[in-house]
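> Got a predicted structure plus its sequence, pasted below:
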Amino acid sequence: MKKEGFYSSGEFARMAHVTVRTIRYYDSHDILKPSFVNESGARFYTDEDFTRLQQILLLKFLGFSLNDIKNMTIGDMDYHFLSDSLEVQLKLVRDKIEQLQLVEKAIEDTSGEIREYHTVNWNKMLELIHLTGMENAVKKQYQNATNIASRIRLHRLYSVNKEGWFPWIYRNLELKNGLKVLEIGCGNGMLWKENIQKIPDSISITLSDLSEGMLRDARRNIGQKDKRFEFKILDAEKIPFMAETFDLVIANHMLFYCENLSQTCREVARVLKKSGRFICSTYGKKHMKEVSELAKGFDNRIVLSADNLYEKFGKENGKEILKPYFHEISWQEYKDKLEIQDAEPLIAYILSCHGNQNQYILSRYQEFRDYVKQKAGKGYDVTKEAGIFVCRK
């Protein structure tokens, strides 16, 4: 007997214009499981399942493997998650369009040179190979962006401090006309997008990142026509600017990723003007500790981060690390905590972490979901311990 609000496999397949065989394949490979199976084994699906199926079909159209898709679609599609997911998918479509336009131009140029000169320009061929090999980078960028969206969403929904992290950071930058500013590891440029109306008119801001994809996102978020901004791919350990170029250098949650942190600090100090400021953010050891404890309570083998980033550069040891290169070093803490009212964004956050959690959760996802709902569904407070070091050269 069919339950109200549920669709049979046949109805579900017709809604999505796919075959029942496709639906069964996704079920057998744990890509999309039915929400209900009756005593006779008949499968039934919901509108929520249909939303996830649309996501799967889009990712498949964009060239992702089913194994990629399985990892990208696990979780519940509440409206917050759906909004974030659609934003990320829109970005992916734009990235794919840009990539294909580059490939088109490279093919046209290479083909034209062969016709005109009757020879092969191997540099052009290598460029073409590089462009057609960008697909893996796009996939990685999609996964990174999805993970970042899940983590930002949890903070956006349940942070007690309503000022917000990026407005707080911006306020502490104390920007004014005439300054030259460098941000290393700018990511998608959200610090500037969220504060774009407050930025002085006569200021020079260089946004840099190692990732071409992240820098592309920053350009999109801020806009190509804003003359206050310049975008540059660079390695923070080898900053390609003359000594004493900048009044202010910013590193927002990035120093703990540097392989050679001492060299990065040395480079920052070199490019800062005398009395210039370096503002860098990080975490303390108590940051989000309740989330790690929650995950370990489900399976004590789970480690949400392969590295404790605060051990490399954190609230506790940051001043000693910075002391050889800067003086007047002070710590300013962002007073905040999370008061979580719904388990679903917390589940998405845990699945987005950089550790081994998916190894132990994905095969027991429903059990894990029920566990988190029981523990956190009626309210769950999480410690936040983050802030900035303000340094002067």
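Thanks, I have the structure now. The model shown is predicted, which means the values in this text are computed figures rather than measured ones.
> hey, let's count contacts and neighbours off CA atoms from now on
Fine.
> First residue to last residue on stretch 21-40, what's the distance there?
Using Cα to Cα, to the nearest Å, the end-to-end distance of stretch 21-40 comes out at 19 Å.
> For the nearest residue to residue 318 once chain neighbours are set aside, give its distance to residue 343.
Distances taken as Cα to Cα, 6 or more residues apart in numbering place residue 389 nearest to residue 318, at 7.7 Å, with adjacent residues excluded. For residue 389, the distance to residue 343 equals 33 Å [Cα to Cα].
> just residue 366 next, same as before
Using Cα to Cα, one gets 13 Å for the distance from residue 366 to residue 343.
> Direction included, what does the longest strand along the chain pair against?
Identified as the longest strand of the chain according to DSSP state E is strand 272-283. With DSSP bridges as the test, strand 272-283 is paired with strand 246-251 (parallel), strand 386-392 (antiparallel).
> Serialize these to CSV and add fields for mean neighbour count.
Listed next are the strands paired with strand 272-283 as CSV, based on neighbours: other Cα atoms under 10 Å:
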stretch, mean neighbour count
strand 246-251, 22
strand 386-392, 22
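> want to throw these into JSON lines with distance to residue 225 and mean pLDDT?
Converted to JSON lines, those look like this (distance: least, Cα to Cα, whole Å; pLDDT from 0 to 100):
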{"stretch": "strand 246-251", "distance to residue 225": "22", "mean pLDDT": "98"}
{"stretch": "strand 386-392", "distance to residue 225": "30", "mean pLDDT": "98"}
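> out of those, nearest to residue 337?
Evaluated with Cα to Cα, those place strand 386-392 nearest to residue 337, the distance being 10.0 Å.
> got the CA positions of that closest one in CSV?
The C-alpha trace of strand 386-392 is given here as CSV (Å, rounded to 0.1, in the frame of the first residue of the first chain):
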residue,chain,number,x,y,z
ALA,A,386,38.9,32.7,17.5
GLY,A,387,40.5,36.1,17.1
ILE,A,388,43.3,38.2,15.6
PHE,A,389,46.9,39.0,16.3
VAL,A,390,47.6,42.7,15.6
CYS,A,391,51.3,43.2,14.9
ARG,A,392,53.3,46.2,14.0
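> what's it in contact with?
275-284, 287, 315, 318-319, 326-335 (Cα atoms under 8 Å, 6 or more residues apart in numbering).
> repeat that for 6 Å
Under the criterion Cα atoms under 6 Å, 6 or more residues apart in numbering, residues 275-283, 326-334 lie in contact with strand 386-392.
> care to break the protein down by domain?
Listed by automatic domain parsing, the domain ranges of the chain are 7-63, 79-158, 165-392.
> OK, contacts around residue 200?
Residue 200 sits in contact with 176-177, where contact means Cα under 6 Å, 6+ apart.
> Okay, helices next: where are they in the stretch 251-393 of the chain?
In the stretch 251-393 of the chain, the segments counted as helices under DSSP state H, counting those that start in this stretch are 261-271, 289-298, 309-312, 318-322, 343-352, 357-361, 365-376.
> Strands along this structure, start to end?
Along the chain, counting by DSSP E, strands occupy 7-8, 36-37, 43-45, 180-184, 204-209, 229-233, 246-251, 272-283, 327-334, 337-340, 380-383, 386-392.
> As CSV, those strands with distance to residue 350 would be great.
Compiled in CSV, those are given as follows (distance: least, Cα to Cα, whole Å):
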stretch, distance to residue 350
strand 7-8, 30
strand 36-37, 25
strand 43-45, 26
strand 180-184, 27
strand 204-209, 26
strand 229-233, 30
strand 246-251, 25
strand 272-283, 18
strand 327-334, 22
strand 337-340, 13
strand 380-383, 13
strand 386-392, 19
